[in-house]
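Asks: Kindly return the folded structure for what I paste below:
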Amino acid sequence: MTSVAAAPPRTDSGAWRAALPHVLPFLGILVLAVVLPFVSNDYWVLIGTRAAIYWVLVSGLNLVVGFAGHLAIGYVALLTLGAYTTSVLVAGNVMPAIPVFAALPIAGLIGAVFGVIVGLPALRLRTFYFAMSTLGFATIVTQIALAWQSVTGGGIGITGPEFPAPFNTPWGFYGLCIAFAAFTTWMSANVARSRFGRALIAVRDAEVAAEASGISKPNMLIAIFLFAGALAAIAGGLFATLQTYITPDAFTFDLSVLFFIAILIGGRGSILGPMLGTIILTILPEIAAPLAAWSTFLYAVLLLVIVLVMPGGIASTITSSSTA
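Replies: Here you go, the predicted model:
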């Protein structure tokens with residue numbers, strides 16, 4: 001009788017070594033983010049802060065677009081909602097003023113609720129029809145911000161919230177935003193690698209087969225729109241602080257384009273790719289400042305180049321080069 005040798009159990013160190021190639025790029029970006037204030041001036045710290053805030057939103061939107069496969073273009077609406085909610089609560093325009101660290105979670109809850117409202121048409125609509133519904137919601141939010149002058153200040157605007165010390169300086173606020181970005185990266189990566197994330201991809205790629213295997217599409221979409229809406233609203237509160245003063249003009253269609261293209265050029269089904277896409281698209285207008293009026297055109301050209309040269313996005317290029 002032959003004996004069968006049992007396979008040795010996989011140790012924690014072995015699991016860590018297997019995960020290390022996936023973790024190293026994120027650690028590299030984090031190290032660069034930590035070093036940035038010590039090797040640059042306040043201007044580039046401001047740009048880094050903006051990139052971190054944008055990524056807080058894109059990390060949630062990436063799960064909607066890249067993993068669930070729904071073209072949500074108008075997510076600037078939830079950024080607007082979070083910015084105004086946080087600012088109004090801190091200013092005390094509706095109720096007694098509350099601290100900014102209490103206003104941010106409330107804005108996140110409101111963003112989660114409206115994230116589901118924005119996402120409900122996804123149960124019936126797909127592709128560009130759903131994209132148009134999100135753009136319509138963005139227009140509604142902007143018009144409410146303009147019309148509700150007693151609360152939002154209308155076209156004049158409202159002062160953004162200010163964080164207490166030590167986060168009331170450019171470097172302190174930068175550190176806070178980097179911490180938010182790191183935490184949302186960890187959350188979105190965990191969602192992406194979980195059974196929930198795999199179920200999202202299944203619904204995206206083979207909806208009928210996924211539902212036949214017991215995956216509830218409505219429950220999946222409601223959960224992911226809750227998560228993405230909360231992150232977008234929190235990003236809005238941080239954005240309002242960065243701007244110091246917000247008006248409806250601060251939330252342009254160009255921002256919606258930036259968020260959406262960051263995911264497209266990053267590659268769907270990836271966390272690292274959209275993160276790099278967000279950083280690139282945040283820095284690009286600063287490098288091409290003389291061509292600021294051509295920003296939308298630059299985004300379109302960049303998207304075209306990525307589609308032609310790297311059809312799978314930045315993430316697929318990194319993966320293929322690492323396995324070569």
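
Asks: And the helices in the stretch 201-324 of the chain?
Replies: Per DSSP state H, counting those that start in this stretch, the stretch 201-324 of the chain carries helices over the ranges 207-212, 217-243, 253-266, 272-287, 295-309, 313-323.

Asks: Reformat these as a markdown table; add mean neighbour count, distance to L81 and mean pLDDT.
Replies: C-beta: built from backbone N, CA, C; applies to glycine. Formatted as a markdown table, the helices of the stretch 201-324 of the chain follow (neighbours: other Cβ atoms under 10 Å; distance: least, Cβ to Cβ, whole Å; pLDDT from 0 to 100):
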| stretch | mean neighbour count | distance to L81 | mean pLDDT |
| --- | --- | --- | --- |
| helix 207-212 | 13 | 29 | 79 |
| helix 217-243 | 24 | 6 | 91 |
| helix 253-266 | 22 | 13 | 84 |
| helix 272-287 | 21 | 20 | 85 |
| helix 295-309 | 14 | 23 | 70 |
| helix 313-323 | 16 | 29 | 58 |
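
Asks: right, and those helices - which one's nearest T185?
Replies: Ranking these by proximity to T185 (Cβ to Cβ) places helix 272-287 first, at 7.0 Å.

Asks: circling back to that earlier point, can I get the helices of the stretch 201-324 of the chain in CSV with distance to P96?
Replies: Formatted as CSV, the helices of the stretch 201-324 of the chain follow (distance: least, Cβ to Cβ, whole Å):
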stretch, distance to P96
helix 207-212, 48
helix 217-243, 18
helix 253-266, 32
helix 272-287, 36
helix 295-309, 41
helix 313-323, 47
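
Asks: between those helices, which gets nearest to F26?
Replies: Closest of the helices of the stretch 201-324 of the chain to F26 is helix 272-287, at 6.8 Å (criterion: Cβ to Cβ).

Asks: Can you name the residues that contact the nearest residue to C177 once chain neighbours are set aside?
Replies: Once flanking residues are discounted, C177 sits nearest to A52: 4.0 Å by Cβ to Cβ, 6 or more residues apart in numbering. By Cβ atoms under 8 Å, 6 or more residues apart in numbering, the contact set of A52 is 33, 174, 177-178, 180-181.

Asks: a markdown table for those residues, including secondary structure, pLDDT and distance to S256?
Replies: Listed next are those as a markdown table, based on DSSP: H, G, I helix; E, B strand; the rest coil; pLDDT from 0 to 100; distance: Cβ to Cβ, whole Å:
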| residue | secondary structure | pLDDT | distance to S256 |
| --- | --- | --- | --- |
| A33 | helix | 89 | 25 |
| Y174 | helix | 94 | 25 |
| C177 | helix | 95 | 20 |
| I178 | helix | 95 | 24 |
| F180 | helix | 95 | 21 |
| A181 | helix | 95 | 20 |
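
Asks: how about those residues in CSV, adding neighbour count and distance to G82?
Replies: Putting the contacts of A52 into CSV (neighbours: other Cβ atoms under 10 Å; distance: Cβ to Cβ, whole Å) gives the following:
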residue, neighbour count, distance to G82
A33, 19, 22
Y174, 24, 19
C177, 26, 14
I178, 20, 19
F180, 21, 12
A181, 27, 15
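
Asks: Among these, which one sits closest to V65?
Replies: The nearest member of the contacts of A52 to V65, counting by Cβ to Cβ, is A181 at 18.3 Å.

Asks: how close does the nearest residue to that closest one once chain neighbours are set aside sit to L81?
Replies: On the basis of Cβ to Cβ, 6+ apart, the spatially nearest residue to A181 that is not a chain neighbour turns out to be A52, at 4.1 Å. Separation of A52 from L81 (Cβ to Cβ, to the nearest Å): 20 Å.
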